[in-house]
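Peer 1: Okay, structure incoming, though there's no sequence with it:
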Ligand code: FNR
């Protein structure tokens with residue numbers, strides 16, 4: 001039986017309408033190779049993590065929805081901004097919710113291919129926040145893919161007001177990044193598929 005298309009989930013860690021990271025995600029969707037669907041998930045409706053809320057009301061619907069999307073995906077792409085040389089709180093908060101209850105971590109993140117890339121206004125293009133994701137992904141038991149790196153620096157000069165990525169060299173690197181990650185996810189999927 002021929003396996004279906006590869007399902008990848010992309011999350012932008014920014015809520016702002018003109019987000020460079022959301023723009024990068026949209027461009028990555030357009031550049032995804034044949035046979036791979038990159039679907040955008042959303043962290044917008046995820047509240048601040050509160051253990052009392054979790055105990056009394058369970059997981060918010062937005063969290064359960066995203067958990068199911070990731071658990072059913074072949075790979076996850078994190079488009080991370082950088083705040084004060086670290087992971088923006090809204091993004092880390094979303095991943096923290098997605099790690100609840102802890103018993104579900106293996107189902108959602110365990111061995112799941114995860115790629116991290118990002119865009120920032122500064123000159124180092126999220127290098128620090130990308131590094132800050134590594135211990136988080138290790139803790140969750142995810143399969144961090146390190147086949148390519150993409151840090152889009154001075155994003156305001158290469159992403160226009162409509163969210164278009166205007167720099168041809170970065171577009172090529174983004175296309176290679178998504179293709180390389182898709183190849184990895186396909187290899188992992190094929191290796192885990194039961195023999196017919
Ligand atoms: C920033 N920004 C920023 N940029 C960077 O390259 N390194 C940094 O450490 C920071 N720190 C930082 C802190 C805070 C609180 C804010 C609000 C911003 C700038 C950041 O890259 C810029 O706001 C981007 O536009 C954020 O990504 P989105 O929202 O465009 O995806």
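Peer 2: Yes, it's here. Keep in mind it's a predicted model, so treat the numbers as computed, not measured. Residues are numbered from 1 along each chain as shown.

Peer 1: where does residue 148 land in three-state SS?
Peer 2: coil (DSSP: H, G, I helix; E, B strand; the rest coil).

Peer 1: Tell me if I'm right that it and residue 180 touch.
Peer 2: Yes: applying Cβ atoms under 8 Å, one finds residue 148 in contact with residue 180, separated by 5.0 Å. Bear in mind the C-beta positions are built from the backbone N, C-alpha and C, glycine included.

Peer 1: Who are the packing partners of the one helix or strand residue 175 maps to?
Peer 2: Residue 175 belongs to helix 168-192 when elements are defined using DSSP states H and E. Helix 168-192 sits against strand 6-12, helix 20-31, strand 36-40, strand 75-79, strand 113-119, with contacts defined as 3 or more Cβ pairs under 8 Å, 6 or more residues apart in numbering; DSSP states H and E.

Peer 1: could I get these as TSV with distance to the ligand and mean neighbour count?
Peer 2: Formatted as TSV, the helices and strands packed on helix 168-192 follow (distance: least, Cβ to the nearest ligand atom, whole Å; neighbours: other Cβ atoms under 10 Å):
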stretch	distance to the ligand	mean neighbour count
strand 6-12	7	22
helix 20-31	3	22
strand 36-40	13	17
strand 75-79	8	27
strand 113-119	6	26
